[in-house]
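In: structural data only, the sequence is not supplied:
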């Protein structure tokens, strides 16, 4: 394989010359050699390393971590490619499911088909994301949380699409009412929120298929501070995450 200048490699890989210069500066991708003319030249080894860098970058791995992986004594490029192939196959299957849902939703909006409410979310929340949420809860709250998750799993899996859709619609209404209260200037500690917060607590208990004690409900507020939950609530209204968690804790304290 012939050598490539930095400009040639940038064009070949679809990255900027500045990016390759940056990779050189931080030691992530050094050229095979630098000519007397000052040009950087890259050979086959560097091209394969750049491929790994770009794959890991697309998998959202930070550059510093990529360097650690590639420079590890036990790094094996062939094994890495096989692992990446498996990961990408899984991602492809997930995105294929999401694409199918998007296409069906477009058809629904055009009046060309009907959809069950639950189908709107088919394939959007990945099993990996769900597992990550559960692991986060277990790490934060210990073995009792693992037992609670396993106890709740059959009820969630056995619920009908219609029942889940009804529950989610009710939750959206509750959350919007809380957001409206926040935007109206009502403090999260206000007793005027008691009715809607109590309704929220009742919804949680029904979704758990078990009693939601005041202690458990107050603890749930801490869970809502997880980045994924925060992203969800902030999409409804800016500031809703902190407002909701404060309202939940204040309500629980007033009931004690």
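Out: All right, it came through fine. Being a predicted model, the structure only gives us computed values, none of them experimental.
In: just the element for residue 179, please.
Out: In the assignment (DSSP states H and E), residue 179 maps to helix 161-183.
In: mind giving me the packing neighbours of the helix or strand following that helix?
Out: As assigned by DSSP H and E, the chain's next helix or strand after helix 161-183 is helix 194-208. Packed against helix 194-208 by the contact rule (3 or more Cβ pairs under 8 Å, 6 or more residues apart in numbering; DSSP states H and E) you find helix 143-158, helix 161-183, helix 214-223, helix 240-255. C-betas here are computed from N, CA, C, even on glycine.
In: could you give the angle of the helix holding residue 179 to helix 194-208?
Out: For helix 161-183 against helix 194-208, the angle by axes from the mean of the first three to the mean of the last three Cα atoms, to 10 degrees is 150 degrees.
In: mind listing what's buried along helix 161-183?
Out: Of the residues in helix 161-183, 164, 165, 170, 174, 175, 177, 178, 179, 181, 182 count as buried by neighbour count, 16 or more other Cβ atoms under 10 Å.
In: which outside residues touch it?
Out: Helix 161-183 is contacted from outside by 116-119, 159, 188, 190, 192-193, 196-197, 199-200, 203, 206-207, 233, 236-237, 239-240, 243-244, 247, using Cβ atoms under 8 Å, 6 or more residues apart in numbering.
In: could you rerun that using 6 Å?
Out: The set of residues external to helix 161-183 that reach it, using Cβ atoms under 6 Å, 6 or more residues apart in numbering, is 116-118, 193, 196, 199-200, 203, 236-237, 240, 243-244.
In: what does stretch 10-17 give?
Out: Contacts of stretch 10-17 (Cβ under 6 Å, 6+ apart): 6, 7, 20, 50.
In: residues touching the last one, list them.
Out: With contact set as Cβ under 6 Å, 6+ apart, residue 50 has these partners: 13, 29.
In: now it: which helix or strand?
Out: Using DSSP H and E, residue 50 sits in helix 44-58.
In: what mean pLDDT does that helix get?
Out: Mean pLDDT, helix 44-58: 90.
In: what is the next helix or strand after that helix packed up against?
Out: As assigned by DSSP H and E, the chain's next helix or strand after helix 44-58 is helix 63-71. Under the contact definition 3 or more Cβ pairs under 6 Å, 6 or more residues apart in numbering; DSSP states H and E, helix 63-71 sits against helix 44-58.
In: in the helix it packs on, what's buried?
Out: By 16+ other Cβ under 10 Å, the buried positions in helix 44-58 come out as 46, 47, 49, 50, 52, 53, 55, 56.
In: now those residues as a markdown table including distance to residue 87?
Out: Below are the buried residues of helix 44-58 laid out as a markdown table (distance: Cβ to Cβ, whole Å):
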| residue | distance to residue 87 |
| --- | --- |
| 46 | 24 |
| 47 | 22 |
| 49 | 19 |
| 50 | 19 |
| 52 | 13 |
| 53 | 16 |
| 55 | 9 |
| 56 | 11 |
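In: between those residues, which sits nearest residue 105?
Out: Residue 105 has its nearest neighbour among the buried residues of helix 44-58 in residue 55, at 30.9 Å by Cβ to Cβ.
In: can you tell me how far the residue nearest to the closest one when sequence neighbours are not counted is from residue 252?
Out: What sits nearest to residue 55 in space, not counting adjacent residues and going by Cβ to Cβ, 6 or more residues apart in numbering, is residue 84, at 5.5 Å. When distance is defined by Cβ to Cβ, to the nearest Å, residue 84 is 46 Å away from residue 252.
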